[in-house]
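> Output the structure for:
(chains A, B, C and D)
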There are 4 protein chains.
Amino acid sequence: MIKAGIVGGTGYTGVELLRLLVAHPEVELTVITSRAEKGIKVDELFPNLRGRVELAFVEPDDAMLKSCDVVFFATPNGTAMKSVPALLEAGVKVIDLAADFRLRQVEDWERWYGMPHVCPQLLTEAVYGLPEVNREAIRKARLVANPGCYPTAVQLGFLPLLEAGAVDPQSLIADAKSGVSGAGRKAEVNILFCEASDNFKAYNVPAHRHWPEIRQGLMAMTNGLVDLVFVPHLTPMIRGIHATLYATLTDPNVDLQTLFEKRYVAEPFVDVLPPKSHPETRSVRGVNQCRLAVHRPQNGKTVVVLSVIDNLVKGAAGQAVQNMNLMFGLPETAGLKEVALLP
Amino acid sequence: MIKAGIVGGTGYTGVELLRLLVAHPEVELTVITSRAEKGIKVDELFPNLRGRVELAFVEPDDAMLKSCDVVFFATPNGTAMKSVPALLEAGVKVIDLAADFRLRQVEDWERWYGMPHVCPQLLTEAVYGLPEVNREAIRKARLVANPGCYPTAVQLGFLPLLEAGAVDPQSLIADAKSGVSGAGRKAEVNILFCEASDNFKAYNVPAHRHWPEIRQGLMAMTNGLVDLVFVPHLTPMIRGIHATLYATLTDPNVDLQTLFEKRYVAEPFVDVLPPKSHPETRSVRGVNQCRLAVHRPQNGKTVVVLSVIDNLVKGAAGQAVQNMNLMFGLPETAGLKEVALLP
Amino acid sequence: MIKAGIVGGTGYTGVELLRLLVAHPEVELTVITSRAEKGIKVDELFPNLRGRVELAFVEPDDAMLKSCDVVFFATPNGTAMKSVPALLEAGVKVIDLAADFRLRQVEDWERWYGMPHVCPQLLTEAVYGLPEVNREAIRKARLVANPGCYPTAVQLGFLPLLEAGAVDPQSLIADAKSGVSGAGRKAEVNILFCEASDNFKAYNVPAHRHWPEIRQGLMAMTNGLVDLVFVPHLTPMIRGIHATLYATLTDPNVDLQTLFEKRYVAEPFVDVLPPKSHPETRSVRGVNQCRLAVHRPQNGKTVVVLSVIDNLVKGAAGQAVQNMNLMFGLPETAGLKEVALLP
Amino acid sequence: MIKAGIVGGTGYTGVELLRLLVAHPEVELTVITSRAEKGIKVDELFPNLRGRVELAFVEPDDAMLKSCDVVFFATPNGTAMKSVPALLEAGVKVIDLAADFRLRQVEDWERWYGMPHVCPQLLTEAVYGLPEVNREAIRKARLVANPGCYPTAVQLGFLPLLEAGAVDPQSLIADAKSGVSGAGRKAEVNILFCEASDNFKAYNVPAHRHWPEIRQGLMAMTNGLVDLVFVPHLTPMIRGIHATLYATLTDPNVDLQTLFEKRYVAEPFVDVLPPKSHPETRSVRGVNQCRLAVHRPQNGKTVVVLSVIDNLVKGAAGQAVQNMNLMFGLPETAGLKEVALLP
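Residues are numbered from 1 along each chain as shown, chains lettered A, B, ... in the order given. As a prediction, this is how the structure comes out:
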């Protein structure tokens, strides 16, 4: 059994990670820390875990964390980087669900996250945890930067097109819609029920921190410059991301359906739907799955990709478990076989 | 492996049964029938099952059903009774998720369901599938009448009080609130998104078919007459029932918390919360669990019980699987160990 | 034109009051105060008011408020009582939408609200602003205590029964369900979209501050003791209260439908539905209306009343405007003639 | 008073039209027809209209309709065209809220709507009722084709850019999200609460009937060919459309904010938000308003316009009333002055 610890498990990615790890056949959850909630039993905060998790939140404790095989950080940005070097040194593998190790250039990171990075030397060692792109590197990694939710949905949608050179990398538009859980479990007025329900809006159109992360990933796929417009929106549902992607085709004769099917034929967690399909976010609710469909309206010059994930699973905790499975030589799908809850 | 068939699996209890059986370690799903959808692949109708169910819907077929060990009916009321006698004769065990075998008196059944019953002799043989009341009888049953969703939530809430004689059975009020999935997957205007969302209403206050079912169960607990007022409401959520139960105490000194905890201490699927708790429907979303809390406001003469279930799981498909486990001598919790999806 | 001021208009009752006053033909809005938001334009906080309200929030300012004809307090409990005496002395009429003047006994108020009352002498002068009960007193009042949302829905539902002596006042149960806006526009985790949507729960079952307010009102109707059980619930919708009321009939021959219709025949804002009806909260969305239906299930001893209001209108801002109309001798329906938004 | 009739008022545009006309100071509603609901009182179907509309639905009746000054068609596509010629001949003005007169080319119409057009000669006479483009023609029109909901949001967003030649008309993308009421009040499974809530999906990506309507409008603005990709999505809210529009700038120095503000400065129902804004659909809930914001992310080559309307108001019934006001020489804002309901 792999001994797992969680730092900062009081948010939505934290409770989702708990839900998945509790059911994982090869994992024993040994410690979960939270400064704010120390002493509180986990199942008091999250009643769905009653009878399944007996732990209480404890103060962050180096000794306990160092005795783990793997530690997950489900903390605000800027927290993990303070503890990661010591954990790696102690031989613990680390998966950061926040953004501390997602950008490779320290200047980029510091500009977008507005603080100095305390262990920039780890930015190049950290492996970006998108298994469909970096599977082999993840297997060998000590430190995995788990991708953001939007970046997962957008990159998986553009990947076959960019790898094949089928679209102009200067023409990329990602119009993305997220459920409200993407904003976290924070006491803020703008995500109150009465503000976010029966309402739809874009946000952060001038600049969003996932833009440089996505662009970095897309550039790696195409080995060149990328022009990306990224517009995130808030939609009144709990879970789910729907990314609608647009790009200009370079080759009018490419068989888009085959391109996508071939690229993902061996991927356990990416599902290409039949032609003319429209994936629904609820079809992946609670599961580690990306569902894709590819269209070419009016047989024109623009390809449209529809990409859905559960932002808390394939966009966060599920992908973290998938990465853990790879890092520990387990079957990639271990603990990730649930069926989506529908309706 | 138990060979299981489903008749009429195109509604919400059907897809939920599929979700649970697909993940059940001891069950092989061999046939699923639907006259309306014959030839359609199951995962075309329910995209959450892509990659997990390869079956297509077939026309109801006696031979195929007779080769099953167990057949579940997830059909409209009045359908199962036509096929059940022949299946039982062929040695197949049957679990009916509809209402055909829930009432013991044929006159009651015919009055409330508005049609003649075609196999009234089975009404007394059928075991009412509430394991917390009828566990031993279910183990030996050939035919189980799976309880309705409201009846499950209401009966589990009143059970400790009535068995102990702690309340006046002439004083029972059940104010119940259901998510919209309780109304089924039917093309009806009143359950459209634009009719049911951002709205709350009572319905069927003059008479609801679950009233005689609940009353029959409560009378068995108290061995006498029961005066029950039952008011169902529609609440804008997908899954979940919250029953708020009121009764007049006969003994002002009873320790209500202890009464409930003792009654359910050994029950795997009933969870009594600590004093002063308020169970949330989402804490049981997707799982076979009933959560209860008991209150006595202002220390007065009225006890208030709060009871929540997922209407599609403990109120339908999950309870059916629990019954199947009992009927086949499996561990009662087999295939029913998921953690509720929260948020 | 009546010059109106609002103290503390940054919550949901505040914006609703703004929406109604802006459209009121006899009112000029002259000042709106908020310590936290001073300097911010009102339409920046509430974009629905763009082009309709040019004011900005200002610091509470005695001179400006004293130049008003009427001042509305849409503040947290305990705020209005500090300013009301001086305003009354200056000849300003006051309508308090909070609870500072709702209870007549100062000991009750201090126990339930947990602070000393600074102007207890006004508790007996203040008129409880439920026009269907206190219309004449409201016309002459300097100070109106606008009722709570639950108390409005519950009292209007029980009123005909208690006045007529048709039910046992020791048998009252109010099972009430509220939309989330009833909890206010506060940055609190438990009313986040991801906590409150797709979920249903009771809360404050041991004790809720509206219980003494309701009980005080019901006792005035019956001139005697009342035994009331009050259970509030949170339901995933923005606006609306649905109160389901239960009481034991004292006279089995009473004609309930006629009793209700007669009591409310002249009331502009109470609508008794035909027999066997089920009022929906959305039928009063955005309007100053209470809709009622009365049932007697199984022709038994228990009467069931269904009562719906919009908690922000008839349960708060709309009732405040209705009270203002009465206090200033305007037609009672002035500014309150909108049609509910459906769907 | 203008005598107004409604044909087919049982859907959501019908009830919205009723809500607006009931409150219109210059309109008397004289007849409302519905074959399916004849004899039913309007307020029985739509309880928000209790006490405000005394009419019952009647069978379509030529004489009654011909005595109206204006007749609104809120019927399925293909219905209005059968009755309009006779009404026009009788001197009645007609506003069609369906699509019968929206496309100017009969071949286009017949291809997209799949039936022969019975009065093609009226296609060129009919005025497309987008007042911000065709105000003068609407004033003189006998027959107005009220625009579709998506077309209204999309055209108002692109209009300043195309008129000014600021973008390449071959580069237009409209990613549009609609509330569920856009699908109408029809008994269909895919718009049930349990299918559409907590879910997000695109639909009709290969082809949607609003595509040719939008393209026709955009071509008129630019006097040339237009390449438009239009992707509609269903979002779990009742009302509202959010169109996110993308186009490639032709002039990198254009002042986008000024361009939009100037174009709409005199428009009563189009509101350009300040720079860096994100309009919310709820800010126009229930009102005849379009709110726009214009962005240029990363100061790049792509302009992003955010456009919101209430699909039932500015996208249907409200725009119809605005058109009626113009056709009858009334103030354009008559009956359209409500404040949006928020929250």
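
> Now for residue A:24: which residues touch it?
For residue A:24, the contact set (C-beta atoms under 8 Å, 6 or more residues apart in numbering or on different chains) comprises A:321, A:334, A:335. For every residue, glycine as well, the C-beta is placed using N, CA and C.

> interface residues of chain A facing chain C?
A:12, A:180-181, A:185-189, A:191-198, A:236, A:238 (C-beta under 8 Å from any C-beta of the partner chain).

> Okay, helices next: where are they in the stretch 151-300 of chain A?
Taking DSSP state H, counting those that start in this stretch as the test, the helices found in the stretch 151-300 of chain A are A:193-196, A:210-222, A:256-264.

> just those helices: most buried one?
Compared across these, helix A:193-196 shows the largest average neighbour count, a mean of 26 (mean count of other C-beta atoms under 10 Å in any protein chain shown).

> Does chain B have contacts with it?
No - residues of helix A:193-196 contacting chain B under C-beta under 8 Å from any C-beta: none, with a closest distance of 10.9 Å.

> before we move on, back to that, between the helices of the stretch 151-300 of chain A, which one is closest to residue A:173.
Residue A:173 lies closest to helix A:210-222 among these, at 11.6 Å (C-beta to C-beta).

> CA atoms only for that closest one, dumped as CSV, please.
C-alpha atoms of helix A:210-222 as CSV (Å, rounded to 0.1, in the frame of the first residue of the first chain):
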residue,chain,number,x,y,z
HIS,A,210,-4.3,29.6,-17.4
TRP,A,211,-3.4,31.4,-20.6
PRO,A,212,0.4,31.1,-20.3
GLU,A,213,0.0,27.6,-19.1
ILE,A,214,-2.0,26.6,-22.1
ARG,A,215,0.2,28.5,-24.5
GLN,A,216,3.3,26.8,-23.1
GLY,A,217,1.7,23.4,-23.7
LEU,A,218,0.5,24.2,-27.2
MET,A,219,3.9,25.6,-28.2
ALA,A,220,5.5,22.3,-27.1
MET,A,221,3.1,20.5,-29.4
THR,A,222,3.9,22.6,-32.4
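
> and it, what does it pack onto?
helix A:106-113, helix A:131-140, helix A:149-163, strand A:228-234 (3 or more C-beta pairs under 8 Å, 6 or more residues apart in numbering or on different chains; DSSP states H and E).

> Flag every residue of the stretch 201-343 of chain A that's near chain D.
Neighbours of chain D within the stretch 201-343 of chain A, by C-beta under 8 Å from any C-beta: A:201-203, A:205-207, A:211, A:227, A:229-231, A:233, A:235-240, A:242, A:244, A:246, A:276, A:278-282, A:285, A:295, A:297-298, A:300-302, A:304, A:306, A:308, A:343.

> now do 6 Å
Within the stretch 201-343 of chain A, the positions near chain D by C-beta under 6 Å from any C-beta of the partner chain are A:201-203, A:205-206, A:229, A:231, A:235-237, A:240, A:242, A:244, A:246, A:276, A:278, A:280-282, A:295, A:297, A:302, A:304, A:306, A:343.

> Just the buried residues of the contacts of residue A:24.
Listed as buried from the contacts of residue A:24 are A:321, A:334, A:335; burial here means 16 or more other C-beta atoms under 10 Å in any protein chain shown.

> Adding pLDDT and secondary structure, write these out as JSON lines.
Formatted as JSON lines, those follow (pLDDT from 0 to 100; DSSP: H, G, I helix; E, B strand; the rest coil):
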{"residue": "A:321", "pLDDT": "98", "secondary structure": "helix"}
{"residue": "A:334", "pLDDT": "98", "secondary structure": "coil"}
{"residue": "A:335", "pLDDT": "97", "secondary structure": "coil"}
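
> Out of the helices of the stretch 151-300 of chain A, the one nearest residue B:41 is which?
Closest approach to residue B:41 among the helices of the stretch 151-300 of chain A is made by helix A:256-264 (17.5 Å; C-beta to C-beta).

> helix or strand for residue A:16, which one?
Assessed by DSSP states H and E, residue A:16 sits inside helix A:12-22.

> Which positions in the following helix or strand past that helix come out as buried?
The element immediately downstream of helix A:12-22 (helix or strand, assigned by DSSP H and E) is strand A:27-33. Going by neighbour count (16+ other C-beta under 10 Å), the buried part of strand A:27-33 is A:27, A:29, A:30, A:31, A:32, A:33.

> now do stretch A:146-160
Buried residues in stretch A:146-160, defined by neighbour count with 16+ other C-beta under 10 Å: A:146-160.

> Among the residues you listed, which one lies nearest to chain B?
Nearest to chain B, judged by C-beta to the nearest C-beta, of the buried residues of stretch A:146-160 is residue A:149 at 14.4 Å.

> least trustworthy helix or strand in chain A by mean pLDDT?
helix A:62-66 (a mean of 93; mean pLDDT, DSSP states H and E).

> got a list of contacts for that one?
The contact list for helix A:62-66, computed with C-beta atoms under 6 Å, 6 or more residues apart in numbering or on different chains, reads A:5, A:31, A:71, A:90.

> And those, which two are furthest apart?
Between all members of the contacts of helix A:62-66, the farthest pair (by C-beta to C-beta) comes out as A:31 and A:90, at 14.0 Å.

> that older thread, for the buried residues of strand A:27-33, please prepare JSON lines with the additional fields pLDDT and distance to residue C:116.
Compiled in JSON lines, those are given as follows (pLDDT from 0 to 100; distance: C-beta to C-beta, whole Å):
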{"residue": "A:27", "pLDDT": "98", "distance to residue C:116": "55"}
{"residue": "A:29", "pLDDT": "96", "distance to residue C:116": "49"}
{"residue": "A:30", "pLDDT": "96", "distance to residue C:116": "51"}
{"residue": "A:31", "pLDDT": "96", "distance to residue C:116": "47"}
{"residue": "A:32", "pLDDT": "96", "distance to residue C:116": "43"}
{"residue": "A:33", "pLDDT": "95", "distance to residue C:116": "42"}
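
> Of the residues you listed, which is the nearest to residue A:67?
residue A:30 (7.3 Å).

> Give the bridge partners for the nearest residue to that closest one once chain neighbours are set aside, please.
Among residues not flanking residue A:30 along the chain, residue A:3 sits closest, at 4.8 Å (C-beta to C-beta, 6 or more residues apart in numbering or on different chains). Beta-bridge partners for residue A:3, by DSSP bridges, are residue A:28.

> any idea how far chain C is from residue A:177?
Counting by C-beta to the nearest C-beta, to the nearest Å, the gap from residue A:177 to chain C is 15 Å.

> quick one: contacts for residue A:2?
Residue A:2 is in contact with A:26, A:27, A:69, A:328, counting by C-beta under 6 Å, 6+ apart.

> quick one: which of the residues you listed is most hemmed in?
For the contacts of residue A:2, neighbours were counted using other C-beta atoms under 10 Å in any protein chain shown, and residue A:27 has the most, 23 neighbours in all.
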